[in-house]
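Participant: here's my sequence, what's the structure:
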Amino acid sequence: MLLGGVILLTSFAYLGILFAIAYWGDKRADAGRSIIANPTIYALSMAVYATSWTFYGSVGRAAVSGVGFLPIYLGPTLMAALWWLVLRKMIRISKVHRITSIADFIAARYGKSALLGGLVTVIAVIGIIPYIALQLKAVSSSFVILLQYPEVVMPPKGHAVALLQDTALYVALLLAAFTLLFGTRHLEATERHEGMVAAIAFESLVKLLAFLAVGVFVTFGLYNGFGDLFAHAAALPKLNEILTLGGPAGTYGSWASLVFLSMLSILFLPRQFQISVVENVNEDHVAKAIWLFPVYLLAINVFVLPITFAGLLQFAPGQVDADTFVLTLPMAHRQEALALFVFIGGLSAATGMVIVETIALSTMICNDLVMPVLLRWRALALAERRDLTGLLLGIRRGAIVALLMLGYLYYRAAGEAYALVSIGLVSFAAVAQFAPAMLGGMYWKQGTRRGALVGLSLGFAVWAYTLLLPSFAKSAWLPISFIREGPFGIALLKPLALFGLTGLDDISHAMFWSMLANVGGYVAVSLAGTQGLRERAQAVLFVDVFSRNEVPFPSSSTPRGGRAGSSPAPGAVGMAVARSAPWRGSASVQEVRQLLARFLGSARTDEALADYAKVGGLASIDRIVPDAELLRFVENLLAGAIGASSARVMLASVVKEEPLGMDEVLNILDEASQLIAYSHQLEQKSRELEAATAELRAANARLQELDRLKDDFISTVTHELRTPLTSIRALSELLQADPAMAEARRTQFVSIIVKESERLTRLINQVLDLAKLESGGAEWHPADVDVKGLIEEAVSATGALLRENAVALALALPDDAPPVRADRDRLMQVMLNLISNAVKFCDREAGRIGITLKVLPGALQVDVSDNGAGIAGADQDLIFEKFRQVGDPLTGKPQGTGLGLPISRQIVEHFGGKLWVESQPGQGATFSFTLPLR
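Facilitator: Numbering: from 1, shown residues only. Reported below is the predicted structural model:
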């Protein structure tokens, strides 16, 4: 029997292990030996996506909708394929601009708007509260169920539990305390929580192993494998229906909407942004996460259907909540250790989500809600405080506790109205509203602050009306007539059938209307409005972050397991931004340092400024010049602690800016536009220079090749001249030295001398002929040529050569072929050269060549093929180069002068044709040429 003390002791022991891992990770990071600078750890930490609704709720959804649980995992898998394009750009933008959260990202993109950041924070908090309630429900329910071991008893539904007896309250308080220990020990939000990330990666392994353990137990312990389990499941009522898209699993439209929704959620859930963007050490780690994260999702879903079927077979309908099958199956079979391991796995899934989610949301609340209000309403009180780090940490800690309590209140108010996965989908639909403003801001320069405000407001309002309020109506906090009849009895306003749209499930219906309102408002208002100067500057910085090749400024957080970045040299666009957007006025380095110290502490401030001086090549902080680049650096550094919009307000308090007149504004705008235009001209000139350089390189390579060919020519011709001359000289000397030489011997020597002389004459004639062809001095006698008759004549002229070499000839000539305009003698020269070349390289045992004449549209084509050894691909073009020898494929020794083919190509090309060869080693060669019809 599992006593409550044993369960609590095991839970606290596990949480202690997590804290030890986190503590160890932070210590190693402080020592400069990061444990998360590893792509595998990064990919595992991203599995914080799999929370209680994965661990418990996937089985519950499968019990109702069969394969309907799959879209929630197909979406992230599909989005992972786009991470190198989307997530990597998001990471680069966030590192360059010291962005701390989704709210900060959107606010910074649209002119560092505090109003926009606050709106995003409100949407995120309200949207994620149901998700936090889901974790509380899962842990609380599993704890209550496990307390009844070995009996399987479900907690009573609809029964009000006294506040102090509610397990969920204590779970919320415990998770709040644990999160405070994990995530608020440092102030700077852009500083990586390396220990936390390591603990999250460890939790990902624990929940995966726990789920796989249950799956293996059910599939191979209770049954004899998948086949046996599915055979038993065949007796389940409506099995085919729940495994079909048209059944409870949902329509194709439902699947498409869930896939789309989960694709957006993997990017825009605050915890996913925190882990995948803010906590990222190296953007190259995304490459491994692209495949490892989908593998993780596949592994944790392999046993969903087996566990579902086993639970449906084990328990009577309505006896056990399907969300708890993962836990109740081991309990029903007296697997005490396994049941406890499953509880720890569920606790791990819940704690991972709560820790990261509340840290991300607390940062948003502090930076984008509380601080902007304090900076505007309590400026004097803040000005009197020298150190604000304690205040900021207090705000974030209070926000974490408040978030957990709000999650608990939602659980009390509406937690019974939805299953686990359904609660998660409500939150998914909320964070999906960030997609137009974020993706549009990353890829569309024309997006405006007003457009983002209108789009987010409309989308969030529709989400709340179609999903959030119905959840309260289902829990009796609002009249049920609100759903069934619509407000004030107006049927067109029914939240689950808005404007008469029916046939969709609740999530698909809400996604359709909310995204229509969101995207429509964002695009329409952006196109109709104009951007301010700061908006335009930020648009360029975000959209062109890769083309500008910006890297992060050095910061006090970089030594913690990472390499310090470097400040980019401002180009034309950068200077335009620096002059037109950030600051006009003056501030001393001492004032800037005091400002930073109030939020970061003196030690971190001095470290950051020392890094800045080092990057700028300065000997010390005292050498720093308080220019626009310094102010931009300080603003980015402050943004890591209090957010982009608040950072600008605080920096403005020490920068003595002068008011701008209209003429000055117009001058600045003109200067900025000129600089940006000049930058574009420089980029164009740079591209032209690169193209010209490439052409010069190609020309240089060609000159080198021609120089090599010249050397080959000299070497070849010298060799060809030397060989016959040497033979003639040697034989002549022998004839002169021996007047009494036998007549037969003398006749043999004279025959050799004649052949060598002919060879020498042929070489000289070919060299002269080629020189005339290239110089344009050759004589041409164009006339109408009957190519068919010419081929027959060439075959007749080479008949003796064919018989001597025992080569078979196959002709394929049409009955009639139109004439071409060419020099008949030159064309005969080409045919004779190709035929003799084919005979020379035929198979020595059974030589065979073929000659084909084809009539093409507008041209004639002649093919001369042989069955020899063929020509390697790399040599097929070289054999047409001038002075290149054609080697014997059997002996490898050169034969002939090697000038026949280049001459033939010159002749064919003179008459507008083309000569080429096609061959494969061992399969012969086919030389072809075309000539245009007259």
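
Participant: for the stretch 501-650 of the chain, which segments count as strands?
Facilitator: 585-586 (DSSP state E, counting those that start in this stretch).

Participant: and for the chain?
Facilitator: For the chain, applying DSSP state E gives strands covering 585-586, 656-657, 782-785, 808-812, 820-823, 848-856, 859-866, 886-887, 894-895, 914-919, 925-932.

Participant: now the fourth one, how far from the centre of its chain.
Facilitator: Between the mean C-alpha location of strand 808-812 and the chain-wide mean there is a distance of 58 Å, by C-alpha atoms, centre = their mean, to the nearest Å.

Participant: mind listing what's buried in that strand?
Facilitator: Neighbour-count burial for strand 808-812 flags Leu809 (criterion: 16 or more other C-beta atoms under 10 Å). In this view, the C-beta of every residue, glycine as well, is placed from N, C-alpha and C.

Participant: ok, now which ones touch Thr930?
Facilitator: Leu856, Ala859, Leu860, Gln861, Val862, Val908, Gly913, Lys914 (C-beta atoms under 8 Å, 6 or more residues apart in numbering).

Participant: flag the least confident of the residues you listed.
Facilitator: Across the contacts of Thr930, the smallest pLDDT goes to Val908, namely 87.

Participant: quick check, that residue in contact with Lys914.
Facilitator: Yes: taking contacts as C-beta atoms under 8 Å, Val908 lies within contact range of Lys914: 6.7 Å.

Participant: of these two, which one has the most company?
Facilitator: Val908 (21 against 14; other C-beta atoms under 10 Å).

Participant: how much space is there between that one and Phe927?
Facilitator: Computed with C-beta to C-beta, to the nearest Å, the distance linking Val908 and Phe927 is 11 Å.

Participant: likewise for Phe542?
Facilitator: Phe542 is 59 Å from Phe927, where distance means C-beta to C-beta.

Participant: need the strands of the chain in JSON lines (columns: distance to Val373).
Facilitator: Below are these laid out as JSON lines (distance: least, C-beta to C-beta, whole Å):
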{"stretch": "strand 585-586", "distance to Val373": "26"}
{"stretch": "strand 656-657", "distance to Val373": "23"}
{"stretch": "strand 782-785", "distance to Val373": "92"}
{"stretch": "strand 808-812", "distance to Val373": "91"}
{"stretch": "strand 820-823", "distance to Val373": "89"}
{"stretch": "strand 848-856", "distance to Val373": "81"}
{"stretch": "strand 859-866", "distance to Val373": "81"}
{"stretch": "strand 886-887", "distance to Val373": "87"}
{"stretch": "strand 894-895", "distance to Val373": "90"}
{"stretch": "strand 914-919", "distance to Val373": "78"}
{"stretch": "strand 925-932", "distance to Val373": "81"}
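
Participant: do you know which of those strands lies nearest Phe178?
Facilitator: Taking C-beta to C-beta, strand 656-657 is the member of the strands of the chain nearest to Phe178, at 45.0 Å.

Participant: let me see the ranges of the helices in the stretch 251-400 of the chain.
Facilitator: Taking DSSP state H, counting those that start in this stretch, the helices of the stretch 251-400 of the chain run over residues 252-268, 270-273, 286-301, 304-314, 325-332, 336-365, 371-377, 379-383, 389-414.

Participant: what is the mean pLDDT for stretch 361-381?
Facilitator: Here the average pLDDT along stretch 361-381 is 75.

Participant: export that stretch as PDB, just CAs?
Facilitator: The C-alpha coordinates for stretch 361-381 follow below in PDB (Å, rounded to 0.1, in the frame of the first residue of the first chain):
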ATOM      1  CA  LEU A 361       5.200  35.100 -17.900                       C
ATOM      2  CA  SER A 362       6.700  36.800 -14.800                       C
ATOM      3  CA  THR A 363       9.300  38.400 -17.000                       C
ATOM      4  CA  MET A 364       6.600  39.700 -19.300                       C
ATOM      5  CA  ILE A 365       4.500  41.000 -16.400                       C
ATOM      6  CA  CYS A 366       7.500  42.800 -14.800                       C
ATOM      7  CA  ASN A 367       8.900  44.300 -18.000                       C
ATOM      8  CA  ASP A 368       5.800  45.000 -20.000                       C
ATOM      9  CA  LEU A 369       3.100  45.700 -17.400                       C
ATOM     10  CA  VAL A 370       4.400  46.700 -14.000                       C
ATOM     11  CA  MET A 371       7.600  48.600 -14.900                       C
ATOM     12  CA  PRO A 372       6.000  50.800 -17.600                       C
ATOM     13  CA  VAL A 373       3.300  51.800 -15.100                       C
ATOM     14  CA  LEU A 374       5.800  52.500 -12.300                       C
ATOM     15  CA  LEU A 375       8.100  54.400 -14.700                       C
ATOM     16  CA  ARG A 376       5.200  56.700 -15.600                       C
ATOM     17  CA  TRP A 377       3.200  57.000 -12.400                       C
ATOM     18  CA  ARG A 378       5.900  56.700  -9.800                       C
ATOM     19  CA  ALA A 379       8.900  58.200 -11.600                       C
ATOM     20  CA  LEU A 380      10.000  60.300  -8.500                       C
ATOM     21  CA  ALA A 381       9.900  57.400  -6.100                       C
END
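
Participant: brilliant, that's me finished.
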